[in-house]
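>>> just the structure for this:
(chains A and B)
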Amino acid sequence: ELKVEQNPLFLSMQEGKNYTIYCNYSTTSDRLYWYRQDPGKSLESLFVLLSNGAVKQEGRLMASLDTKARLSTLHITAAVHDLSATYFCAGQETSGSRLTFGEGTQLTVNP
Amino acid sequence: IAGITQAPTSQILAAGRRMTLRCTQDMRHNAMYWYRQDLGLGLRLIHYSNTAGTTGKGEVPDGYSVSRANTDDFPLTLASAVPSQTSVYFCASSDSPRTSSYNEQFFGPGTRLTVL
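The predicted model follows:
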């Protein structure tokens, strides 16, 4: 059974700073996803990582995947207030389409 | 309709009552899912359907049932609601893994359910 753990669960950072959110998973995962959720809203897909060494970037966010270490990271560069949200990673087992989500990281970017 | 819709947006329900949450997608996705989201627990899968006519149990299926009569609709029924089913419910859909390398899940807007 796939288990996904994120850390930190809460992150408060200043604008302009850099930080990384970590996502560890327990067994072989076919794919790794990152989602963003604003308060009271639905989940928005950010990145889909399909293979070892995959790196994707969108604006100030960059996600990477190391399947050997069973680790994905979401790196935030020069944070801005608009990035304040909860970020979820989710793994997908090779045997099906179901996702297992981490607990989420609640990010607050302070001016 | 664009994407996934859910109804109702929110509902307050007396314990013991029956309730069906509706979910409709217009993307012709094969797979659909129901999650519940609770503070501190992230999203947990309730039931899923890989294709019309088939369903499967997720991590927390007890007290819930689903049906998948066609590709577009995937209703979730609480036969006799209990207060522990108070939560935000999200429906999602995706292509089958066999047809899409990404198999990205797209989420509906959610239903906020309170059981008293």
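>>> okay, CA-based contacts and neighbour counts for the rest of this
Fine.
>>> around chain A, pick out the residues from chain B.
B:31, B:40-45, B:48, B:50, B:90, B:96-97, B:102-110 (C-alpha under 8 Å from any C-alpha of the partner chain).
>>> filter those down to the buried ones.
Buried by 16 or more other C-alpha atoms under 10 Å in any protein chain shown: B:31, B:42-45, B:48, B:50, B:90, B:96-97, B:102-110, out of the residues of chain B next to chain A.
>>> which residues touch the residue of chain B found nearest chain A?
Proximity of chain B to chain A (C-alpha to the nearest C-alpha) peaks at B:Gly42, 4.4 Å away. Shown in contact with B:Gly42 (C-alpha atoms under 8 Å, 6 or more residues apart in numbering or on different chains): A:Phe101, A:Gly102, A:Glu103, A:Gly104.
>>> for A:Lys68, see how far away the second one is.
For A:Gly102, the distance to A:Lys68 (C-alpha to C-alpha, to the nearest Å) stands at 19 Å.
>>> over to the first one?
For A:Phe101, the distance to A:Lys68 (C-alpha to C-alpha) stands at 19 Å.
>>> tell me where chain B is predicted with low confidence.
Scanning chain B for pLDDT under 70 picks out B:1, B:97-102.
>>> show me where it has helices.
When assigned using DSSP state H, chain B turns out to have no helices.
>>> quick one: the strands in chain A?
Remark: strands assigned in chain A by DSSP state E are A:4-7, A:10-14, A:19-25, A:29-37, A:43-49, A:55-58, A:61-66, A:71-76, A:85-93, A:99-101, A:105-110.
>>> buried stuff in the last one?
So the one you mean is strand A:105-110. Neighbour-count burial for strand A:105-110 [16+ other C-alpha under 10 Å]: A:Thr105, A:Gln106, A:Leu107, A:Thr108, A:Val109.
>>> what's the closest of these to A:Val80?
Nearest to A:Val80 among the buried residues of strand A:105-110 is A:Val109, at 6.3 Å by C-alpha to C-alpha.
>>> quick one: contacts for the closest one?
Counted by C-alpha under 8 Å, 6+ apart, A:Val109 has contacts A:Ser12, A:Met13, A:Gln14, A:Glu15, A:Ala79, A:Val80, A:His81, A:Asp82, A:Leu83, A:Ser84.
>>> nearest to A:Asn24, of those?
Nearest member of the contacts of A:Val109 to A:Asn24, counting by C-alpha to C-alpha, is A:Ser12, at 20.7 Å.
>>> give the contact list for the residue most central in space within chain B.
With distances taken as C-alpha atoms, centre = their mean, B:Trp34 lies nearest the centre of chain B, 2.6 Å away. Residues near B:Trp34 by C-alpha under 8 Å, 6+ apart: B:Leu45, B:Ile46, B:His47, B:Tyr48, B:Leu76, B:Tyr89, B:Phe90, B:Cys91, B:Ala92.
>>> how does it look with 10 Å?
For B:Trp34, the contact set (C-alpha atoms under 10 Å, 6 or more residues apart in numbering or on different chains) comprises B:21, B:23, B:43-49, B:58, B:61, B:66, B:74-76, B:89-93, B:107-108.
>>> still on that earlier bit, bridging residues for the residue of chain B closest to chain A?
B:Asp38 (DSSP bridges).
>>> poorly predicted segments of chain A, please.
Regions of chain A meeting the criterion pLDDT under 70 cover residues A:30, A:95.
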